[in-house]
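**Q** Below are the sequence and a predicted model for it; my questions follow.
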Amino acid sequence: MKRAIISDIHSNLEALEAVLNDIESQGITEIYSLGDTVGYGPNPIECIEIIRKKVTICLLGNHDQASLFDPEGFNSSAERAIFWTREQLENPKITGMDERWDFLNSLPKIHREDDFVFVHGSPKNPLNEYVFQEDIYNERRMERLFSAIPMCSFQGHTHVPGVFTEDREFYSPNEINMRYTLGEKKAMINVGSVGQPRDRDSRACYVVLEDDTITYRRVEYPFEITIGKITPIIELDNYLGQRLREGK
Ligand code: ZN
């Protein structure tokens, strides 16, 4: 079975549509999303509607949770975006409000299947823990993380794609020619971000899982359209648009 694993859409409709087209062009119908459907971007309602319809499994991300409850630990720009997102979600003039709230409210923080665990943040703290490349130097932390993984975890949250292995190596997608075979060692796979990549590549990022092979996909999308929507919304900082150009 071929599956697409996407994450961190962040209300970026143009990126989401481009990625879904790329997924469809490969005949893939199973899509898992690791959360943060909303936050930062200008199209939260549209992204939730698409995700609700197209995705087999959808997890809760920290921005999704903050839109439901009170944001904690966010910088002021992210927090303002959360409050703006909530306003859109609570707008009674846009139909389907109850269904959207029910959908967000029903999202699990973790999904286990076979030898895999799917989370937004980390296998130890599914919602909020960031695992960055430099964490490979922290032996105890890596041991703690890998102790929670049967064979492989899929995660997002940092918006930086790459493969962490049990022997404390990190490989960016380019270093492994966009492909990694699971099996020998436990692995944590960061699938990157659809709607706000931060590895200095502006293209949307996601992963295809087929048997024991994962393949990273990069997809160009018209980010100038997204930026053009963000700029006039005062609650969304201009920087949230500008960073899409550079993928940072
Ligand atoms: Zn995110």
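**A** Now that the structure is in, tell me what you want to look at. All values derive from a computational prediction rather than experimental measurement. Numbers count the residues shown, from 1 in each chain.

**Q** Over to the residue of the chain most remote from its centre. Which of the three states is it?
**A** Distance from the C-alpha centroid of the chain peaks at K93, with 28.5 Å (C-alpha atoms, centre = their mean). What DSSP: H, G, I helix; E, B strand; the rest coil gives for K93 is coil.

**Q** can you tell me how far it sits from the ion?
**A** The spacing between K93 and the ion, counted by C-beta to the ion, to the nearest Å, is 28 Å. To be clear about C-beta, it is placed using only N, CA and C from the backbone, and glycine gets the same treatment.

**Q** Point out where the chain drops to low pLDDT.
**A** The chain contains no residues with pLDDT under 70.

**Q** Quick one: name the residues of it near the ion.
**A** Taking C-beta under 5 Å from the ion as the contact definition, the chain meets the ion at D8, D36.

**Q** can we see that at 6 Å?
**A** The interface of the chain toward the ion, taken as C-beta under 6 Å from the ion, is made up of D8, H10, D36, G61, H63, H157, H159.

**Q** Now do the contacts for the fifth one.
**A** Meaning H63. Shown in contact with H63 (C-beta atoms under 8 Å, 6 or more residues apart in numbering): H10, G35, D36, V38, G39, Y40, A78, I82, T85.

**Q** One more pass at 10 Å, please.
**A** 8-11, 35-40, 44, 71, 74, 78, 81-82, 85, 120, 157 (C-beta atoms under 10 Å, 6 or more residues apart in numbering).

**Q** Any of the residues you listed buried? List them.
**A** Buried residues within those, counting neighbours by 16 or more other C-beta atoms under 10 Å: 8-11, 35-40, 44, 71, 78, 81-82, 85, 120, 157.

**Q** Return the subset of these lying in helices.
**A** Per DSSP state H, helices hold the following members of the buried ones among the contacts of H63: P44, A78, A81, I82, T85.

**Q** which residues touch the last one?
**A** The contact partners of T85, by C-beta under 10 Å, 6+ apart, come to 10-11, 37-42, 44-45, 48, 63-64, 66-67, 71, 235-236.

**Q** picking up where we left off before, specify which member of the residues of the chain next to the ion is nearest to M1.
**A** Distance to M1, by C-beta to C-beta, is smallest for D8 among those, at 23.5 Å.

**Q** Give me the nearest residue to that closest one, chain neighbours excluded.
**A** Closest residue to D8 apart from its sequence neighbours, by C-beta to C-beta, 6 or more residues apart in numbering: S193 at 3.7 Å.

**Q** got it, and G73?
**A** Take G73 and drop its neighbours on the chain: the residue closest to it by C-beta to C-beta, 6+ apart is N128, 7.5 Å away.

**Q** was I right about that neighbour contacting Q65?
**A** Yes. N128 lies in contact with Q65 (C-beta atoms under 10 Å); the separation is 9.0 Å.

**Q** and for the two, which residues touch both?
**A** With C-beta under 10 Å, 6+ apart, N128 and Q65 have common neighbours E72, K109, H120.

**Q** Test my guess that the last one contacts I57.
**A** In other words, H120. No. In this structure, H120 is not within contact of I57 by C-beta under 10 Å, at 12.0 Å.

**Q** can you list residues touching both of those two?
**A** With C-beta under 10 Å, 6+ apart, H120 and I57 have common neighbours S33, L34, L107.

**Q** OK, contacts around the last one?
**A** L107 sits next to 33, 35, 37, 51, 57-61, 64-65, 68, 120 when contact means C-beta under 10 Å, 6+ apart.
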